[in-house]
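> Predicted model follows, preceded by the sequence.
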There are 4 protein chains.
Amino acid sequence: MGNDLSFRSVYPILATPFHDDESLDLESLDRMVRFMARAGVGGVTVLGVLGEANRMLDREREAVVRTAVNAGGGTLPVIVGTSHSGTRAALGLSQMAQELGAAAVMVTPHAEAVPNDARVFEYYRVIADGITIPIVAQDHPASTGVHMGVPLLLRLLQEIPRIAALKEEALPTAPKIRALVAGMQRKIPILTGLGALYAQFDLEAGSDGFNTGFAFPEVLMTMVKAAGAGDWTRVRALYARFLPLIVFEQQPGMGIRKEILRLRGLIAGARVRHPGADIQPDTARQLRELLDQVLPGVDLTQPLTL
Amino acid sequence: MGNDLSFRSVYPILATPFHDDESLDLESLDRMVRFMARAGVGGVTVLGVLGEANRMLDREREAVVRTAVNAGGGTLPVIVGTSHSGTRAALGLSQMAQELGAAAVMVTPHAEAVPNDARVFEYYRVIADGITIPIVAQDHPASTGVHMGVPLLLRLLQEIPRIAALKEEALPTAPKIRALVAGMQRKIPILTGLGALYAQFDLEAGSDGFNTGFAFPEVLMTMVKAAGAGDWTRVRALYARFLPLIVFEQQPGMGIRKEILRLRGLIAGARVRHPGADIQPDTARQLRELLDQVLPGVDLTQPLTL
Amino acid sequence: MGNDLSFRSVYPILATPFHDDESLDLESLDRMVRFMARAGVGGVTVLGVLGEANRMLDREREAVVRTAVNAGGGTLPVIVGTSHSGTRAALGLSQMAQELGAAAVMVTPHAEAVPNDARVFEYYRVIADGITIPIVAQDHPASTGVHMGVPLLLRLLQEIPRIAALKEEALPTAPKIRALVAGMQRKIPILTGLGALYAQFDLEAGSDGFNTGFAFPEVLMTMVKAAGAGDWTRVRALYARFLPLIVFEQQPGMGIRKEILRLRGLIAGARVRHPGADIQPDTARQLRELLDQVLPGVDLTQPLTL
Amino acid sequence: MGNDLSFRSVYPILATPFHDDESLDLESLDRMVRFMARAGVGGVTVLGVLGEANRMLDREREAVVRTAVNAGGGTLPVIVGTSHSGTRAALGLSQMAQELGAAAVMVTPHAEAVPNDARVFEYYRVIADGITIPIVAQDHPASTGVHMGVPLLLRLLQEIPRIAALKEEALPTAPKIRALVAGMQRKIPILTGLGALYAQFDLEAGSDGFNTGFAFPEVLMTMVKAAGAGDWTRVRALYARFLPLIVFEQQPGMGIRKEILRLRGLIAGARVRHPGADIQPDTARQLRELLDQVLPGVDLTQPLTL
């Protein structure tokens, strides 16, 4: 789709590949980004929670951004997660991402001892004022502990034009998406995530695309296109077909997802950084059976034809 | 199945029906229990988290147990949730349940400021020593905040014979089920819940049945039977067919589940007790469309024929 | 002070005494209430968190209220904690308290999965509409997980006249007390708690009295009177003198407080209900040394003369 | 005391000074370290929670360590907080600290979704295996959410010799200190923190010193010496005298502590990094009154003579 960051497509959250000794495997990262470009995604996101960003040093984050941007070849937008528990540090990471060629940053607030809408707002404003690329504001209370109500989100969208898309992952997602769509004065795209667990329902409620780690973004792309064309029968058929795999993959931890990426030939190994856990052999076997069930006889190493 | 509490079947967690003014609707409860008996479940569970037990006074709990036992007619086992933040009070609720004719109690520990395996063990032992009916030990950290490791669970099963079944709902469920099955010296059944979200994977890992609120227990019963017969093709087909509905229903809150029960003719109204929230009109519409998608042309008020 | 519930005095949160088998020791409760009346407190509060209310059955709560009201002899106001995770149940407990002669109820909201100011407001309104005695609204996020901002608290006070006092225990307390005092249109008393840990600073910020479990309410009464008379030198001297004891007593758990009450001759034993923990022998010894340090040669069984 | 890191002294946790624009004020940091050396502390700790380390980029952390080590002049030991949610990253920060001249690192585990003693152990072992300087293992569940039981802590001390001291901050501290002292086979020092709130009780229970942010470490040094000499009358007198200030200072947030450091002339400004909050004017006034009350007529800019 070129470097046209519409936020109305699929933007996979990339896992960060590691060697067996947990060092960065940038070659695998390069391969994964190129695969995604070939598959036609709207862009990729690195250094999200699923990218194990919270287990990295800053210089490792820089290497990841540099590699992804380079692999994108100037045509694939790279969105970079730059959340930080300090506002100034989040700004610093965002500026780093921008300097390295990121197309946008994805930012979530961090929980304070006392919830405080005013500080969440200031957090976004400080970051927005210090960069020139767009912001994806992420609403994911399960990982952040921050509950941003619809009025706060609408105020953020209204008063901070640099926020170009909203990633909505607060349960239940559909009613919140509907409330946001109804309330927006400046209309911006809403992406959804959560491993695509609620993909059909999110699209029905008004989601414009996906920004999530499901290891078959091709499926989500086809769903987004079908929804755009009003072909809900196709949306629902795809959702029903892949839902067992979606459910299995979105279980806590990165091990399953990385194993799928490994089986797809995108990363050399499925190592998860400590204290995260690698996939267990029994789970890996159960996963392979499930892949056989959902995608019998399919060559996983190629973009799926749906 | 008669009052044969094997814990190798399906035991629906019943919602508690309320009138519009939030008072108990015991007539609907009676109807729901009779429907479940007719559908052939192994028993029913009342006063679980999904039964909004935490929003009731003790005398209301008693009325619920009395009504369910009576509706069960002496042949349908009634399991009663009796967890309490005080050990002696949990025992008191368990004794109340036993006196009113409960077939078993379902008990989960409550979180302490400092996690303490010894106190969890004592909690179960005190309850076990004060009653003569079986205990279902529930492991559901998402609602309790208590993380019971496999060693603690195995010790509970080994040293407290009154624990007759384990309800396993700690994510990810399959590996924990496998570890428990492998570690048990005294073999007891494992039931799973979580709205049946992981039903196929739980059965594959060794789950013996379900103890959950999914509003179509007929589906789960057929899955359990198929698994028992080794017909995994059928298990997987049923799971795939109903998974969109399972995913939709297990979203947080009781509103969706109660609306399905209302549509099935089992409860007169879908009122949720404050501070819980009733289903929103848009969500109710989305639910009806989903039911049409998954169960086109089916009379929901009758037990499903699968 | 008679049954004049000004909320400008000291209202001890009473521990609930238990026999060694954890059954209610109502005789000790009676003795404790009579002692407090003799000591001149403004009233007593039963069934707070410190009263282990969350470890009791409803019928035990009733026995506690009945005993306290009776011991108060119609002249000592009894405030009853009636918080509940269900709004209708909190109302039911409040009505029970009113019928048994309570002078007021103390109510705190319960945490919902998604924080929601509107529901907190409704919770208080439902309770207020169903009773005729005053409400003390308690703001204690450490135990409830509910963060009520100053605007919500001011709205509660403004729109629900039955709220007659605010118990402020959100850290740091002094700035919040100042903000509330500054913002109130209808001026109502503010009480503080937290074991009196911040007693001097709370009074300086505008607290009108104490509603807490510190086992020497005589000290707090003298401080409140001194503050009322503008004698801040005396306030500070008392605070400094008793602060080591205050700090020691406010440590988590009920064991230390109950042991002091036992040493004062008010309760027969210091038993804490499981899963709470009794005081350890070493801690009991440390406590006795501390009492000797702070109150050398004093007969603890009599109201202190300060 | 020279670069003799006995862990039987006072090791202030230093605030990180910022300019008004929130950039690092290394000049103030240098001044503060030199003051502490002059005051005779056993060492200083930088990049603790109180040092707002969680609001800094890695390169800022490096600048802080470099400045502190340089200001210490090779004689004052600098302990560096290097905790990280990723094990490998914690090791990386620890190696950075070691390379820059740190005398020790202070490390606390991070909470995982599922508590797991084995992973906590591995976390420490990985760090210990990758550095050659001592580790202070910090037990502070209030900030980390990790509850390390006495058996786990004893196993850590026994099997990882590089752990040279334990910083114990789990409430209540005294019983846990006693249990640790009783259980240790290899005897290592225990330091306590929590702003010195429980200083007397910790020392009585066996604490060897303090590792905390109280802005008057001179007081704690005198207490440690008195305890070492068996002069408990002096310990208690000092504790009672300074306790109002200790209580006031340990309230949540860094604003009060930084204001005291500013009043002592150690840092140029009391700015706290966003989203933390600066001290409010009313609180600053209350603090100054309290300082006049506890230290009337004393020149705060000089080490206290006690």
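Great, that's in hand. All of these numbers come straight from a predicted model, not from anything done at the bench.
> Flag every buried residue along stretch A:281-299.
A:283-284, A:286-287, A:290-291, A:293-295 (16 or more other C-beta atoms under 10 Å in any protein chain shown). In short, each C-beta sits where N, CA and C put it, glycine included.
> Closest to B:Asn211 out of those residues?
Lowest distance from B:Asn211 to these (C-beta to C-beta) belongs to A:Gln286, with 22.0 Å.
> residue contacts, the closest one?
A:248, B:174, B:201, B:204-205 (C-beta atoms under 8 Å, 6 or more residues apart in numbering or on different chains).
> Check the gap between it and B:Trp232 for me.
12 Å (C-beta to C-beta, to the nearest Å).
> got it, and A:Met221?
31 Å.
> again, but for A:Met36
34 Å.
> who's more crowded, those two?
Taking neighbours as other C-beta atoms under 10 Å in any protein chain shown, A:Met36 and B:Trp232 compare with A:Met36 leading, 25 against 15.
> From what I see, that one and A:Gly42 are in contact.
No: counting by C-beta atoms under 8 Å, A:Met36 stays clear of A:Gly42, with 9.6 Å between them.
> thinking again about what came up before, can you tell me which of the contacts of A:Gln286 is nearest chain D?
B:Ala174 (14.5 Å; C-beta to the nearest C-beta).
> list the contacts for the closest one?
Counting by C-beta under 8 Å, 6+ apart, B:Ala174 has contacts A:282-283, A:286, B:198, B:201-202, B:204-205.
> and of these, the nearest to chain C?
Of the contacts of B:Ala174, the one sitting nearest to chain C (C-beta to the nearest C-beta) turns out to be B:Tyr198, at 20.7 Å.
> can I assume the closest one is in contact with B:Lys176?
No: taking contacts as C-beta under 8 Å, B:Tyr198 lies outside contact range of B:Lys176: 11.0 Å.
> got CSV for the buried residues of stretch A:281-299, with secondary structure and pLDDT too?
Formatted as CSV, those follow (DSSP: H, G, I helix; E, B strand; the rest coil; pLDDT from 0 to 100):
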residue, secondary structure, pLDDT
A:Thr283, helix, 98
A:Ala284, helix, 98
A:Gln286, helix, 98
A:Leu287, helix, 98
A:Leu290, helix, 98
A:Leu291, helix, 98
A:Gln293, helix, 96
A:Val294, helix, 97
A:Leu295, coil, 97
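> I'd like to know which helix or strand in chain A has the lowest mean pLDDT.
Ranking every helix and strand in chain A by mean pLDDT, DSSP states H and E puts helix A:141-144 at the bottom, with a mean of 93.
> I'd like to know which elements it is packed against.
Judged by 3 or more C-beta pairs under 8 Å, 6 or more residues apart in numbering or on different chains; DSSP states H and E, helix A:141-144 is in contact with no other helix or strand.
> And chain D, is the helix or strand following it touching that?
Later in the chain than helix A:141-144, the nearest helix or strand by DSSP states H and E is helix A:150-159. No: with C-beta under 8 Å from any C-beta of the partner chain as the criterion, chain D is not reached by helix A:150-159; the gap is at least 14.4 Å.
> Is chain C within reach of helix A:150-159?
No: using C-beta under 8 Å from any C-beta, helix A:150-159 stays clear of chain C, with a minimum separation of 10.5 Å.
> Spell out which residues of chain A are next to chain D.
A:22, A:52, A:54-60, A:84-89, A:92-93, A:110, A:112-113, A:116, A:119, A:122-123, A:126, A:252, A:273-275.
> Which one of the buried residues of stretch A:281-299 is nearest to B:Met148?
A:Thr283 (20.4 Å).
> ok now the least confident helix or strand of chain A, how far from the chain's centre?
With C-alpha atoms, centre = their mean, to the nearest Å as the basis, helix A:141-144 stands 14 Å off its chain's centre.
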